[in-house]
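Q: sequence and predicted structure are below.
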Amino acid sequence: MKGFLYATVRPESNLHWRVVMRVAMARTGKTALVTGASVGLGAEFARLFAADGHDVVLVARRRDKLEALGGDLEKTHGVRAVALPEDLGDREAPVRISKELDERGIAPEFLVNNAGFGSNGAFAELELGRELEMVQVNVVALVHLTRLLLPGMLARGSGRILNLGSTAGFVPGPFMADYYASKAFVNSFSQALWYELRGSGVTVTVSCPGATATEFSQVAGNDKSPLFKAGAMGATAVATHAYRAMMRGKRMAIPGLRNKLLLQSLRVSPSSVSLGVAGGLNRTSDTKGIRSTKRVRGSRREPQRIQPRASSVSLRNGLASSRARTSSRTLVLFQLRGARSSSACSGQCGRRQKTSRRYDHGSMAKS
């Protein structure tokens, strides 16, 4: 690729200065549309495209962050950055985005469906409107935008689509049931499209990261869960891995050795074990159980909170009952062996007594 060399000088410390040489790629004339581009993975994807000389269309709700990011990309990489503030929770948002692109004469070569969010808690107690909005953003808007932009890519015979799935899409997730189900859809939908588009010049890649250090965990409310306490990958590493996989036309990208090992373990684990593990990782100290009603004599129905039994508790109870059964069986065996040994002993002792008596009688006769 053609480019030009430029240098920036920045202080490494109070005493040392370092000259950093970078190659700024010439503009390719291709455009990437990135949703959820204001922060986190979306902003990282925008930087990667701009660094390769691609113009970018930034879609998110917060106009100020989009404009700040776009201005930085234009200044740093010399590309064109268009900010389109839209809320993908609105069903008509994808239509407005497509119409805006047509009016500006922009035909995206790359589409990154990155926008999405999650929630944490028992599904029966979560706000219904928020859960429906999650399905709209994570699933419906992704399908809608893909369907609107895909025909143009097919007509040109080239294009790349990157959908943000998750390792959560490979297993049901108690206390994040809606989010896990939405990512299961994205994982499945993306792989099916990849197969359908073979030989067309257009590819679909699904990136399936695990816990990632972005605003997602704070919005979802599970930043204090064991899943995120165990450690999260950096947004730059996850975005770079997904970006390279998309450019190569790969079907799926799973960043990080830990995530790869996790998926391998899920393939050989019973579903009951996977459910228990997922529920334990998603549960936080603020996660509440399910409220049920129990009739009490002499009063109206009184709400009672039932706390779900943790998998570790059930495991301990199972081990305890197993040990108890083993102990009882061992006791019976010991009793049987004791009875047999006592009967055998009595028989042998009787024979010894008879022999001794015979010997005594003989000795007495001889005497």
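A: Yes, it's here. Because the structure is a prediction, the values reported are computed rather than measured.
Q: count of neighbours near S271?
A: 10 (other CB atoms under 10 Å). Bear in mind the C-beta positions are built from the backbone N, C-alpha and C, glycine included.
Q: go on, F189?
A: Counted with other CB under 10 Å, the neighbours of F189 add up to 18.
Q: and it, that's in a strand?
A: No. The assignment for F189 is helix, going by DSSP: H, G, I helix; E, B strand; the rest coil, so no strand is present there.
Q: how many neighbours does the residue lying closest to it once chain neighbours are set aside have?
A: Once flanking residues are discounted, F189 sits nearest to V143: 7.0 Å by CB to CB, 6 or more residues apart in numbering. V143: 16 surrounding residues under other CB under 10 Å.
Q: with G199 as the reference, measure out to V143.
A: Using CB to CB, to the nearest Å, we find V143 at a distance of 23 Å from G199.
Q: list the contacts of F185.
A: By CB atoms under 8 Å, 6 or more residues apart in numbering, F185 lies in contact with 138-139, 169.
Q: rerun at 7 Å
A: Applying CB atoms under 7 Å, 6 or more residues apart in numbering, one finds that F185 lies in contact with V139.
Q: A helix includes it, no?
A: Yes. The assignment for F185 by three-state DSSP puts it in a helix.
Q: which residues in this structure form helices?
A: For the chain, the helices defined by DSSP state H occupy 40-51, 63-77, 93-104, 128-135, 141-156, 177-196, 216-220, 226-229, 235-247, 257-268, 271-282, 311-366.
Q: mind checking the pLDDT average for the last one?
A: Computed over helix 311-366, the mean pLDDT rounds to 46.
Q: what about the stretch 101-250 of the chain, any weak spots by pLDDT?
A: Within the stretch 101-250 of the chain, the segments meeting pLDDT under 70 span 213-232.
Q: again, 50 this time
A: Applying pLDDT under 50 to the stretch 101-250 of the chain picks out residues 217.
Q: related to what we said a few turns ago, how far away is the residue nearest to F189 from V186?
A: Here the criterion is CB to CB. By it, V143 lies 9 Å from V186.
Q: do D178 as well
A: Taking CB to CB, one finds D178 at 13 Å from V186.
Q: cool, thanks, talk later.
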